[in-house]
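> model the structure of this input:
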Amino acid sequence: MEERFYSRLGRSLKPGVIARVVLAAFEKARRGEKLISLTGGSYDPESLPVKEVEEIIRDIPPEDWRGILQYGSNLGSGRLRAELAKFSGEVGIEANAEEIIVTTGSQQALDLISRILLDPGDLVIVGEPTYLQALASFRLYGAEIETTPIDEEGMNIDALEEKLEGLRAEGRNVKLLYTVPSYQNPTGTVMPESRRLRLLELAEEYDFIIVEDNPYGYISFEGSMPKPIKAYDKEGRAIYLSTFSKIVSPGLRIGWAIGRRGFIEKMALAKMNADICSDGLSQYVAAELLRRGMAHRLIDRIRRVYREKRDLMLESMELHFPEEAEWREPKGGLFLWVKMPTGFDADALLDDALERGVAYIPGSNFFTDPSVRNYLRLNYSYPSREEIAEGISILGELFKEALRH
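Numbering: from 1, shown residues only. Okay, here's the model as predicted:
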């Protein structure tokens, strides 16, 4: 009965691959079976900052509790925005608190940007493959999506320039370009400085906004975090997004955006229609984690943990995966991107993998063309070391069987 009441938007919402894996996990749990998840970019359970958060909450004075439990600014806590300005300054982004908005995770920031910038039919360029929920957000607001390839150094800027020239010749103007330049999701690639600088030049030349999504930059296994595009941005062409979800705690639901004050104010107005303001307690805890230096220590710890897990996954894949499989060693981030031979169908094999107790994300979800089915993304941040070894062994056996038939 309910179908006739849905809007066009409501009818368009369908469960994706993550929902499919979650349902499989529930079903296996109901039967008393386990599922090894090599899927989403969840935080290492053993590294969650339980003691740090407990300490901060225990120390909250009564006068601060009154502010925490009241409505807050739709821009976010002034205390937290001031700390985020300092935190961002450490990687070269000069911003004041008025140029920062706190969001309920960086996914809300993507939604707010789409709300304030995109009309149906507006043109968005993304690297391909790219973060699947960014594609979902842009499509939700009716954007037309064009792609440019991701190579071993991230978004291919020469191909992008050719794409922009072609679109201009057709009389089509790009409104927004979305990129994950550091340890890209799903490929793990890093855009070099020369490409970042050229991207800003192209944004000025072709008059579009860059949305720089940086959830993974701090998780660098070799040296410091790559300098964000926003740090080079002198014209205000880039809107920078980041989040606590990958570096401190996903449950705090703290993301933020940095951009021109006008953009940030518009995002704040849109946020009023979404949730009024972000959670007061989470914002207080996040500000204190930054102020006390705890966030930096957590980032250092998680880098070590994730590097060890990455190394274990790579070793296990060398041991168990078919020789036809191809991958590169990620220098940071949370994911391994695997290419299988043409004709291999990672989507079709997912049910078999789930039945054997392992979940992964088929690579088709990261392409605008869902017929590209010979890739898969694996996550090493969430599973235990034992689960990584077992899960890769199971997948290796399954993939070898599939390639023999």
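> now the helices for the stretch 151-300 of the chain?
In the stretch 151-300 of the chain, the segments counted as helices under DSSP state H, counting those that start in this stretch are 157-169, 193-206, 229-232, 261-272, 280-291, 294-320.
> got these as TSV, with mean neighbour count columns?
(Each C-beta comes from the backbone N, C-alpha and C, glycine too.) Rendered in TSV, the data for the helices of the stretch 151-300 of the chain read as follows (neighbours: other C-beta atoms under 10 Å):
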stretch	mean neighbour count
helix 157-169	15
helix 193-206	16
helix 229-232	21
helix 261-272	17
helix 280-291	22
helix 294-320	17
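> Glu329 - that's part of a helix, no?
No. For Glu329, which was evaluated using DSSP: H, G, I helix; E, B strand; the rest coil, the result is coil, with no helix membership.
> quick one on the thing from earlier: format the helices of the stretch 151-300 of the chain as TSV; extra columns: distance to Tyr71.
As requested, these are arranged in TSV below (distance: least, C-beta to C-beta, whole Å):
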stretch	distance to Tyr71
helix 157-169	43
helix 193-206	37
helix 229-232	30
helix 261-272	11
helix 280-291	8
helix 294-320	26
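> in contact with Glu323, which residues?
If you count contacts by C-beta atoms under 8 Å, 6 or more residues apart in numbering, Glu323 has none.
> for it, give me the pLDDT.
According to the predicted model, the pLDDT of Glu323 comes to 96.
> and the pLDDT for Arg291?
For Arg291, pLDDT reads 98.
> and what of Lys28?
Reported pLDDT at Lys28 in the predicted model: 75.
> surely it is in contact with Gly357?
Yes. Between Lys28 and Gly357 a contact is recorded at 7.2 Å, counting by C-beta atoms under 8 Å.
> returning to that earlier point: who wins for proximity to Tyr216 among the helices of the stretch 151-300 of the chain?
Closest to Tyr216 of these, according to C-beta to C-beta: helix 294-320, at 10.0 Å.
> the closest one packs against which elements?
helix 280-291, strand 335-339, helix 385-404 (3 or more C-beta pairs under 8 Å, 6 or more residues apart in numbering; DSSP states H and E).
> quick one: contacts of the second one?
Taking C-beta under 8 Å, 6+ apart as the criterion, the residues outside strand 335-339 that touch it are 41, 129, 185-188, 310, 313-314, 317, 321, 325-328, 330, 363, 374-380.
> mind putting the helices and strands packed on helix 294-320 in CSV, distance to Ile145 included?
Rendered in CSV, the data for the helices and strands packed on helix 294-320 read as follows (distance: least, C-beta to C-beta, whole Å):
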stretch, distance to Ile145
helix 280-291, 32
strand 335-339, 20
helix 385-404, 30
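> between the two ends of stretch 266-279, what distance do you get?
20 Å (C-alpha to C-alpha, to the nearest Å).
> if we look at it, which residues are touching it?
Counting by C-beta under 8 Å, 6+ apart, stretch 266-279 makes contact with 71-77, 101-104, 108-109, 111-113, 115-116, 253-254, 257, all of which sit outside it.
> which neighbours do Lys28 and Gly357 have in common?
Once C-beta under 8 Å, 6+ apart is applied, the residues that Lys28 and Gly357 both contact turn out to be 34-35.
> which parts of the longest strand belonging to the chain are buried?
Of all the segments of type strand in the chain, defined by DSSP state E, the longest one is strand 144-151. Neighbour-count burial for strand 144-151, counted by 16 or more other C-beta atoms under 10 Å, picks out 145-148, 150.
> remind me what it packs against, helices and strands.
Helices and strands touching strand 144-151, as assessed by 3+ C-beta pairs under 8 Å, 6+ apart, comprise strand 123-128, helix 132-140, helix 157-169.
> that one vs helix 157-169, what angle?
Taking axes from the mean of the first three to the mean of the last three C-alpha atoms, to 10 degrees, one finds strand 144-151 and helix 157-169 inclined to each other by 160 degrees.
> could you shift the numbering so residue one becomes 3, and keep it that way?
Okay, using 3 as the starting number, the last item reads as strand 146-153.
> what sits up against strand 146-153?
The list of residues contacting strand 146-153 from outside it, by C-beta under 8 Å, 6+ apart, reads 123-132, 137, 140-141, 157-158, 161-162, 165, 169, 176, 186, 189, 191, 370.
> what about 7 Å?
Outside of strand 146-153, the residues within contact range by C-beta atoms under 7 Å, 6 or more residues apart in numbering are 123-131, 137, 140, 157-158, 161-162, 165, 169, 186, 189, 191, 370.
> any weak-confidence spans in this structure?
3, 24, 28, 31 (pLDDT under 70).
> in this structure, which residue is closest to the centre?
Centroid-nearest residue in the chain: Pro217, 5.4 Å away (criterion: C-alpha atoms, centre = their mean).
> ok, it - contacts?
Pro217 makes contacts with 108, 244-245, 247-248, as judged by C-beta under 7 Å, 6+ apart.
> so which of the residues you listed are in strands?
Among the contacts of Pro217, DSSP E puts 244-245 in strands.
> surely Val93 is in a helix?
No. If the criterion is three-state DSSP, then Val93 is coil and not within a helix.
> quick one: it and Arg13, what's the gap?
Applying C-beta to C-beta, to the nearest Å, the value for Val93 to Arg13 is 42 Å.
> follow-up on the earlier one: nearest to Phe7, of the buried residues of strand 146-153?
Ile147 (29.0 Å).
> report the buried residues of stretch 21-37.
Judged by neighbour count using 16+ other C-beta under 10 Å, the buried positions of stretch 21-37 are 23-24, 26-27, 30, 37.
> is Tyr218 in contact with Pro183, as I believe?
No. Look at Tyr218 against Pro183 with C-beta atoms under 7 Å: they stay out of range, at 9.8 Å.
> hmm, back to that, let me know which of the helices and strands packed on helix 296-322 is the nearest to Phe210.
strand 337-341 (26.7 Å).
> how about the CA coordinates for that closest one, as PDB?
Taking C-alpha atoms only, strand 337-341 is exported to PDB below (Å, rounded to 0.1, in the frame of the first residue of the first chain):
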ATOM      1  CA  PHE A 337      41.600   0.000   1.700                       C
ATOM      2  CA  LEU A 338      43.100  -2.300  -0.900                       C
ATOM      3  CA  TRP A 339      41.800  -2.100  -4.400                       C
ATOM      4  CA  VAL A 340      42.000  -5.400  -6.400                       C
ATOM      5  CA  LYS A 341      41.700  -5.800 -10.100                       C
END
